[in-house]
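*Asks:* Dropping a prediction and its sequence here:
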Amino acid sequence: MPQELATFLYPKSVAVIGASRSPDKIGFIILKNIINSKFRGKIYPINPNAEKIADLKCYKDLKEIPEIPDLAVLATPSTLAVEILEQCADKRIKNVVILAAGFKEIGPEGKLLEEKITTLAMKKKIHLLGPNCLGFFNANCPINATFGEPIRERGNLRFISQSGAIAASLFDWCNANNIGLDSFITLGNKAVLNENDFLEYFEKEYQNTLYSEQQKGLSKVKPIGLYLESVSEGKRFLKSVSKISKKDPVFILKPGKTEASAKAMLSHTGAIAGENSIIDAAFSQAGAIRCQTMGDFFDLAKAFSWEEVPKGPKIAIISNAGGPGVISVDAVSETGLELAKFDEKTETELSKILPRQSNIINPVDVLGDALADRYRNAAEIVLKQGNIDSLLIILTPQIMTQVEKTAEFIGYLSKKYDKPIFCSFIGGKSITEGEKILNIAKIPTFRFPERAIYAISKMWEFRKQSIRENIERVEESPKINLNLDEIEKIVRNARSKKQKNLDNLSANEIITAAGITTPATQIVESFEQARSFAERNGWKIVLKLSSPGLIHKKVAGGIILNITNEAQLKEAMKKLEERKMDIQIQEKIEGDIQAIIGIRRDPTFGDILLFGAGGSYAELIADRNLHLLPINTKEAQNLVERSKIYKYIDKMQKTNPIALDKLLETIVKMGTLARILPKDLEIEINPVIVNKDNAWAVDPKIYIKP
């Protein structure tokens, strides 16, 4: 991260190029926003046709400015971008924001224009934000260099958005809900500066003397929300997110869940490990929370900003209606939280202050006629209970319900007790004043209890992830001896024949050289050779057609199993010889567990390892369990335990144990092999058969990427 980026976010002087006197022009709005944000530095409006704008002296061009501004904001048309950026370079300005649209997003002409400004900025070492962006906001400076709605309240939320429209919506939502912002960066087309530059800045922010301490009424964390349509430099991105998420929550809204890229893949690995599942795995492994909807994104912003992260999964619920309570119980079980069990003392105290018809077992039903005092008394008793980590208060507006007074009591309880409190006031007009009171008190409130429970579950997920991240990672790199020159030669030969994968024997040799156990195998040209193989390796053998173009042999009728004598072998050889392809003979491996282990090369995040149910179930079950490489034994164990097939493995271990340690060893070796092999090769073993003795790579394939 360039050190000069501090002067980008904390400028002491700003030039607004294209400043305007017309209130409906961007050049006017951004100038007023900078002034109204109480920016303490110097502001230089630039407009050749004006002497003063907003009571500030106006300059005809950059040359007239008496100093080198820390920041230049271009509120000019895209057609002038190259010319003005050259002027910025001549003035030795190092930080520039280009607001205008009309670049690569409009087609070839705009793309060429963007390439020119990118090349110029890189050559002159200019930190360029945009183009096609809304600008940025930093409450700590303070400066609002955007043409969006001014932010009324300072807070602890940090946002990075690739969309200006999303940013504008968040500004309005934050103001409507009394939510304050710490900083907000809109990236636009990411011509030079991207999300990683700002994430790396945030990562080091605790060492920055300008960093602000915790503000009253806010949580101890400084959440970061990202809206990204694309991820730049995936490995760099995940490195920063991994470091930040150890102390601060990172939640991301990333649209584009298409599996189109996977459809172009020949392998099971490519079909199963599609783009969307890779993004899920990458974000999760880095400790980030992936939001599925804009509702998720907004809900987590409020929850993380205002309330402390629960120390555990146990939740207590108080409601004045049975229906929402029952719905909440379902949501709790679906999100991985737990309903707290009250001790005898708590239940006794609740029975004393609640009507006989009330439910005193979690969720607590205070009944529809509950006034504010009944809510308060029940909540006080529950909050004193040691066995809860968070409290959800649900209110439905009955005729007698004291909405505002109940909200006031909740605010009082939040200050008195150190356990996080969340609310769901269900309704419309009747509950709006209560919501306003809760917003002022900075109590997260949601219109539906499922939304509250979702937010609480993700907060607990962050807590668990941050705990796991503090465990030191142990690197494992098994020694693998491969002749890379020979492999390159094999690949070149395959490419010359327009093959999409290596032949079976070549793939088998590479897998074996990596220390992964494979059954005995060879190519046979006659019945006599096949019989000799069977006599050496035992009469449990398999015959397969072997051709680089034949990927799914079973579907093509290219496998004959369970050959146990000469007559069966002779018949099988005759049948396969008619197909005019090479015939591969292989020792048959018995085992109840069939898994798939695959390696996919992802252009954004690097090498990805897939583990799941294999054999015929590989595509049917879609057992997608992904890990970004490298991987060690402990991580391999976690990967296996997340899989659907693990339920069967765990069940078998109690009656007919398998060599689970050998399976984990195979996964780790596959990870190491991926790092050694040329990057245009992808690997898949399907199935890996696991029995009591070993994990066997029965049918390895190595694909050649285009």
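*Replies:* On my side now, so go ahead. Remember, it's a predicted structure, so these values are computed and weren't measured experimentally. Numbering: from 1, shown residues only.

*Asks:* Just want the phi and psi numbers for K60.
*Replies:* Main-chain dihedrals, K60, degrees, to the nearest 10: phi -70, psi -30.

*Asks:* what about it, distance to Q402?
*Replies:* Remark: distance between K60 and Q402 (CB to CB, to the nearest Å) = 64 Å. Any C-beta I mention is one placed from the backbone N, CA and C, and that applies to glycine too.

*Asks:* What of F409?
*Replies:* Distance, F409 to Q402, using CB to CB: 9 Å.

*Asks:* more crowded one of K60 and Q402?
*Replies:* Under the criterion of other CB atoms under 10 Å, the comparison of K60 against Q402 puts Q402 first, with 19 against 13.

*Asks:* For the more buried one, which non-adjacent residue is spatially closest?
*Replies:* Nearest residue to Q402, sequence neighbours excluded (CB to CB, 6 or more residues apart in numbering): A372, at 4.3 Å.

*Asks:* residues touching that neighbour, list them.
*Replies:* By CB atoms under 8 Å, 6 or more residues apart in numbering, the contact list for A372 reads Q402, K405, T406, E408, F409.

*Asks:* again, 7 Å this time
*Replies:* Q402, K405, T406, F409 (CB atoms under 7 Å, 6 or more residues apart in numbering).

*Asks:* Derive a PyMOL selection command for the buried subset of those.
*Replies:* Selection of buried members from those for PyMOL, criterion 16 or more other CB atoms under 10 Å:
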select buried, resi 402+405+406+409
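
*Asks:* and which of the contacts of A372 is nearest K254?
*Replies:* Set against K254, the nearest of the contacts of A372 by CB to CB is T406 (38.0 Å).

*Asks:* Other residues contacting the helix or strand harbouring G323?
*Replies:* Remark: G323 resides in helix 322-334, with elements defined by DSSP states H and E. Here helix 322-334 makes contact (CB under 7 Å, 6+ apart) with 315, 317, 319, 339, 363, 365, 392, 394, 396, 426, 449-450, 453.

*Asks:* Now with 6 Å, please.
*Replies:* Helix 322-334 is contacted from outside by I317, S319, L339, P363, D365, I394, P449, E450, I453, using CB atoms under 6 Å, 6 or more residues apart in numbering.

*Asks:* Relative to I166, which of the contacts of A372 is nearest.
*Replies:* Distance to I166, by CB to CB, is smallest for T406 among the contacts of A372, at 33.8 Å.

*Asks:* Leaving out chain neighbours, which residue sits closest to the closest one?
*Replies:* Computed as CB to CB, 6+ apart, the closest residue to T406 that is not its neighbour in sequence is A372, at 4.4 Å.

*Asks:* For G428, grab phi and psi.
*Replies:* The phi/psi pair for G428 (degrees, to the nearest 10) is phi -130, psi -110.

*Asks:* and it, what does it touch?
*Replies:* Contacts of G428 (CB under 6 Å, 6+ apart): none.

*Asks:* same thing with T348?
*Replies:* Not one residue lies near T348 by CB under 6 Å, 6+ apart.

*Asks:* do the same with E203
*Replies:* Shown in contact with E203 (CB under 6 Å, 6+ apart): S240, K243, I244.

*Asks:* So which of those residues are in helices?
*Replies:* Using DSSP state H, the subset of the contacts of E203 located in helices is S240, K243, I244.

*Asks:* and the helix or strand where A81 lies, which residues are buried?
*Replies:* Using DSSP H and E, A81 sits within helix 81-90. Within helix 81-90, the residues scored as buried using 16+ other CB under 10 Å are A81, I84, L85, Q87, C88, A89.

*Asks:* gap between the third one and N537?
*Replies:* Going from L85 to N537 by CB to CB gives 71 Å.

*Asks:* Tell me which residue is most central in this protein.
*Replies:* Geometric centre of the chain, nearest residue: F283, 2.7 Å, by CA atoms, centre = their mean.

*Asks:* what's the nearest residue to that one if we skip its chain neighbours?
*Replies:* R290 (4.6 Å).

*Asks:* Check what contacts the helix or strand that neighbour falls within and list those residues.
*Replies:* Assessed by DSSP H and E, R290 sits inside strand 289-291. Contacts of strand 289-291 with the rest of the structure, by CB under 6 Å, 6+ apart, involve F251, I252, L253, F283, F297, K458.

*Asks:* let's see 7 Å
*Replies:* Strand 289-291 is touched from outside by P249, F251, I252, L253, K254, D280, F283, F297, L300, K458, E461, F462, with contacts defined as CB under 7 Å, 6+ apart.

*Asks:* show me what contacts the second one?
*Replies:* Contacts for F251 (CB under 7 Å, 6+ apart) come out as P223, G225, A288, I289, C291, F297, L300.

*Asks:* So the last one is in contact with K458, correct?
*Replies:* Meaning L300. Yes. Counting by CB atoms under 7 Å, L300 does reach K458; the two are 5.9 Å apart.

*Asks:* Can you list the buried residues in the helix holding G323?
*Replies:* Buried residues in helix 322-334, counted by 16+ other CB under 10 Å: P324, G325, I327, S328, V329, A331, V332.

*Asks:* can you check stretch 358-370 too?
*Replies:* Quick answer for stretch 358-370 (16+ other CB under 10 Å): S358, I360, N362, P363, V364, D365, V366, L367, A370.

*Asks:* Which ones among those lie within strands?
*Replies:* V364, D365 (DSSP state E).

*Asks:* Now pLDDT and distance to F527 too, for the buried residues of stretch 358-370, in a markdown table please.
*Replies:* As requested, the buried residues of stretch 358-370 are arranged in a markdown table below (pLDDT from 0 to 100; distance: CB to CB, whole Å):
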| residue | pLDDT | distance to F527 |
| --- | --- | --- |
| S358 | 95 | 83 |
| I360 | 95 | 80 |
| N362 | 95 | 73 |
| P363 | 97 | 73 |
| V364 | 97 | 78 |
| D365 | 97 | 79 |
| V366 | 97 | 83 |
| L367 | 97 | 84 |
| A370 | 97 | 86 |
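
*Asks:* how about L371, what does it touch?
*Replies:* By CB under 7 Å, 6+ apart, the contact set of L371 is M400, Q402.

*Asks:* again, but for K570
*Replies:* Each residue near K570 by CB under 7 Å, 6+ apart is listed here: F527.

*Asks:* Specify the local secondary structure of it.
*Replies:* When classified by DSSP: H, G, I helix; E, B strand; the rest coil, K570 comes out as helix.

*Asks:* same question for stretch 574-583, mean pLDDT?
*Replies:* For stretch 574-583, mean pLDDT is 88.

*Asks:* Could I get the CA-only coordinates of that stretch as CSV?
*Replies:* The C-alpha trace of stretch 574-583 is given here as CSV (Å, rounded to 0.1, in the frame of the first residue of the first chain):
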residue,chain,number,x,y,z
LYS,A,574,-13.1,-59.1,-27.2
LYS,A,575,-15.8,-56.6,-26.4
LEU,A,576,-13.5,-53.7,-25.8
GLU,A,577,-11.2,-54.5,-28.8
GLU,A,578,-14.2,-53.8,-31.1
ARG,A,579,-14.1,-50.1,-29.9
LYS,A,580,-10.6,-49.6,-31.6
MET,A,581,-9.1,-47.8,-28.6
ASP,A,582,-6.3,-48.6,-26.1
ILE,A,583,-7.3,-51.0,-23.3
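
*Asks:* Just the residues contacting that stretch, thanks.
*Replies:* Stretch 574-583 is contacted from outside by I523, V524, L543, L545, S546, S547, I560, M573, using CB under 7 Å, 6+ apart.

*Asks:* Going by distance to S496, which of those wins?
*Replies:* S547 (16.4 Å).

*Asks:* show me the contacts for the closest one.
*Replies:* Residues near S547 by CB under 7 Å, 6+ apart: M581, D582.
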